[in-house]
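Colleague: starting from these lines, generate the structure:
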Amino acid sequence: MSSFRACVLGASGFLGSHLVHHLLEAGCHVHAFSRVPRRNPLVTDELMSSCTVFTGDFFNAQDVERALEGCDVCFHLVSTTIPKTSNDDPSRDVRENLSGALDLLECVRRTGVRKVVYTSSGGAIYGKHLMPRISEIHPTDPLCSYGIVKLAVEKYLALYHDLYGIDYAALRISNPFGPLQRAGAEQGVIGVFLGRILRNEPLHIWGDGSVVRDYIYVEDVARALVLAARMKTEHHVFNIGSGAGLSLNEIIGMMRSVTGRDVVVKYDQNRAFDVPYSVLDVSRALDELDWKSSIAFDEGLRRTWEWLCHGSCETA
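Modeller: Reported below is the predicted structural model:
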């Protein structure tokens with residue numbers, strides 16, 4: 001598929017906004033579905049002529065089918081939980097995110113959508129790691145409900161592929177960051193930390209700051225999602241990350257350099273579900289999607305800081 005008609009579920013969110021922009025730039029017509037209508041600041045009026053906005057409830061089949069009608073590809077970006085809080089109420093996680101995904105797959109089947117592209121997790125799914133860089137064949141032993149549900153959705157995507165021929169791609173994304181990430185959210189350490197630095201507030205770190213993660217700029221993620229929708233591949237599950245790791249302490253040092261500000265750090269007790277090291281092997285995405293990250297972490301950090309400062313000036 002060179003250009004196609006796409007439905008983006010969760011279109012007004014951080015990743016959804018960037019994905020809608022990339023799809024429109026690629027010449028696709030987009031059905032942008034979200035619970036609350038919100039103007040996409042990345043999209044020009046000219047590009048918006050190829051975008052139809054749908055407002056509705058993800059848990060209402062009629063709302064979802066209305067948005068899916070006539071589409072070739074469905075991008076499923078909706079999630080109502082995060083790793084940090086998912087263990088507090090696993091029943092809710094299953095009810096909303098697993099059952100919700102199953103209901104979506106039924107909507108996909110009824111409307112004739114040909115492919116589903118799902119944003120899975122490149123960290124929560126794998127659990128404790130047995131090797132320095134984690135490939136897609138690494139054992140999956142999630143430590144939180146969020147990861148268990150993400151993995152279960154991947155399995156149901158495979159089931160619906162076998163039963164009904166619905167193609168799919170599950171992208172196990174590492175830690176995306178960039179403009180439009182909410183600085184006051186409970187997850188997304190780059191956005192949260194930069195927001196606190198902007199407000200001259202101290203940074204709070206769980207543990208001693210040695211935890212290593214794989215961070216990926218959001219535009220690279222959006223590009224991977226579009227490629228996964230277009231391509232017919234041997235595999236259906238892909239790691240999407242930078243393939244390199246940074247500790248929190250290293251990141252704070254880079255933030256001091258980029259922002260030019262003194263940063264106060266307060267260290268707290270480790271969290272049980274935090275694995276010490278998580279870096280993805282992204283060679284499958286390179287081989288089958290012709291994708292690799294193109295924006296270096298320090299450049300992405302600079303762009304994110306500039307966007308935050310610009311937004312702060314506009315609202316001052």
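Colleague: all strands of the stretch 201-316 of the chain, in order?
Modeller: 203-206, 212-213, 215-217, 237-240, 246-247, 265-268, 277-278 (DSSP state E, counting those that start in this stretch).
Colleague: so what does the fourth one touch, helix or strand wise?
Modeller: Meaning strand 237-240. strand 167-173, helix 218-230, helix 283-289 (3 or more Cβ pairs under 8 Å, 6 or more residues apart in numbering; DSSP states H and E). For the C-beta atoms, the positions are set from N, CA and C on the backbone; glycine is no exception.
Colleague: could those be laid out in TSV, adding mean neighbour count and distance to Val153?
Modeller: Compiled in TSV, the helices and strands packed on strand 237-240 are given as follows (neighbours: other Cβ atoms under 10 Å; distance: least, Cβ to Cβ, whole Å):
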stretch	mean neighbour count	distance to Val153
strand 167-173	24	8
helix 218-230	24	15
helix 283-289	18	19
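Colleague: so which of these is nearest Gly195?
Modeller: helix 218-230 (15.7 Å; Cβ to Cβ).
Colleague: so that closest one versus strand 167-173, what angle?
Modeller: For helix 218-230 against strand 167-173, the angle by axes from the mean of the first three to the mean of the last three Cα atoms, to 10 degrees is 160 degrees.
Colleague: can you give me the offset of helix 218-230 from its chain's centre?
Modeller: Centroid displacement of helix 218-230 relative to its chain, using Cα atoms, centre = their mean, to the nearest Å, is 11 Å.
Colleague: go on, stretch 222-231?
Modeller: Using Cα atoms, centre = their mean, the offset of stretch 222-231 from its chain centre is 13 Å.
Colleague: show me the contacts for the closest residue to Glu96 other than its chain neighbours.
Modeller: Closest residue to Glu96 apart from its sequence neighbours, by Cβ to Cβ, 6 or more residues apart in numbering: Thr80 at 4.7 Å. Contacts for Thr80 (Cβ atoms under 8 Å, 6 or more residues apart in numbering) come out as 92-93, 96-97, 100.
Colleague: narrow those residues to those in helices?
Modeller: 92-93, 100 (DSSP state H).
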